[in-house]
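Give me coordinates for this.
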Amino acid sequence: EYCYFTFACLFVSLYVAVREGFDVLHVHNPPDTLFLVGAIHKVFGKQFIFDHHDLCPELYLSRYKAKDDIMSHALRLLEKLSLKMADIAIVTNESYRAIDIRRASLNPDKVFVVRNGPDLERVRLRAPDRALAGAGRTILGYIGRMNPQDGVDYLLRALRYLVHEIGRTDVYCVLIGDGDSVDQLKSQAASLAIGDHVLFTGLVSDEDAMRYLSTADICLDPDPSSPLNDVSTWIKIMEYMALAKPIVSFDLKETRTSAGDAAVYVTPNNEMEFARAIAQLMDDPERRRKMGEYGRMRVERDLSWKVVSQNLLLAYNTLFPQSADRGAGQAMSA
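Sure, this is the predicted structure:
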């Protein structure tokens with residue numbers, strides 16, 4: 001799949017270069033093979049930006065619960081080649097920046113942090129879902145991928161404890177998104193006897209996603225501690241904050257950096273603590289309100305796309321300082 005994608009990107013980029021021309025090739029991973037496309041265009045004087053979305057070695061280790069083996073070493077080599085080929089690198093947080101500088105011996109001045117930031121025109125409150133809001137239950141919300149490394153299985157086990165051990169049957173959790181583990185997660189919910197307390201929406205429109213999240217009283221981030229999650233920033237945290245929703249999360253470094261006082265943090269991977277934190281927030285609407293207000297304020301001030309995108313412009317202006325006042329050169333993204 002990645003071989004096909006890499007060659008497809010090469011073909012399309014060469015076609016655009018001949019037909020239209022461009023100054024910058026801006027790619028993001030995965031995969032970490034697009035440096036091959038960049039290498040060809042650099043021969044013709046084009047600039048190459050590597051937008052480092054995921055740490056692929058850590059993604060491999062986390063998804064497959066693998067040990068450091070030949071595959072992880074191969075992925076690190078591809079990552080290093082991508083970073084070395086780039087004129088500048090873009091990362092989503094300071095943890096990624098430090099890793100890139102260390103692994104590839106990069107000049108720190110060439111690594112820019114452009115955080116995941118929600119577009120507040122898109123991520124905004126909608127009218128609540130009447131059927132959910134009118135049922136007299138506390139609504140929990142989750143949005144994101146549902147792959148093995150994403151922790152939705154932890155969330156379901158926490159819900160089982162919340163419903164059957166703590167006795168909070170007045171709760172309903174809406175899980176928005178799709179992924180490789182969805183069928184397994186649906187079976188897990190049934191086996192845990194929480195099927196009546198969970199809705200898997202699948203992929204939905206932005207409008208429906210915002211409607212579901214607008215209805216939620218508490219939003220959840222069940223990403224467990226792992227080589228990837230320990231250093232990653234996921235956009236759902238900032239989306240919850242943009243909607244002024246209180247959050248329950250495992251205590252991971254970059255999650256705490258992003259959410260601050262908008263979240264309640266529990267010991268990583270401890271499902272019982274996760275459930276108890278939900279129960280405490282269910283009984284404390286005033287605390288939920290204050291957490292939501294703080295999160296919304298922090299996003300507006302520091303974390304919206306309007307704010308964080310300024311670093312993207314700074315990165316481009318580093319490549320084209322003579323064009324800083326009139327906009328950087330024409331770019332092609334892959």
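
any idea how the chain splits into domains?
Domains of the chain are assigned by automatic domain parsing as 2-117+305-333, 130-303.

Relative to the whole chain's centre, how far out is the last one?
Mean C-alpha position of domain 130-303 versus that of the full chain (Cα atoms, centre = their mean, to the nearest Å) differs by 14 Å.

residues contacting the closest residue to Asp109 other than its chain neighbours?
Spatially, and ignoring its direct neighbours in sequence, Asp109 is nearest to Thr318 (7.9 Å; Cβ to Cβ, 6 or more residues apart in numbering). To be clear about C-beta, it is placed using only N, CA and C from the backbone, and glycine gets the same treatment. The neighbours of Thr318, taking Cβ atoms under 8 Å, 6 or more residues apart in numbering as the test, are 88, 109-110, 112.

repeat for Asn269
154, 224-225, 250.

6 Å instead?
Taking Cβ atoms under 6 Å, 6 or more residues apart in numbering, we find Asn269 in contact with 224-225.

most centrally placed residue in this protein?
Trp234 (2.4 Å; Cα atoms, centre = their mean).

Phi first, then psi, for it.
With angles defined as degrees, to the nearest 10, Trp234 sits at phi -110, psi 140.

Ile90 versus the residue nearest to Asp109, what's the distance?
Thr318 is 11 Å from Ile90, where distance means Cβ to Cβ, to the nearest Å.

Repeat that for Asn107.
Counting by Cβ to Cβ - Asn107 and Ile90 are separated by 14 Å.

Just want to know which of these two has more residues nearby.
Ranked by neighbour count (other Cβ atoms under 10 Å), Asn107 and Ile90 place Ile90 first, with 23 against 10.

Which secondary structure state does the more buried one sit in?
Secondary structure, DSSP: H, G, I helix; E, B strand; the rest coil: Ile90 is strand.

Near the closest residue to it other than its chain neighbours, how many other residues are there?
In space, and not counting its chain neighbours, Ile90 is closest to Asp51: 4.5 Å by Cβ to Cβ, 6+ apart. Around Asp51 sit 21 other residues, with neighbours defined as other Cβ under 10 Å.
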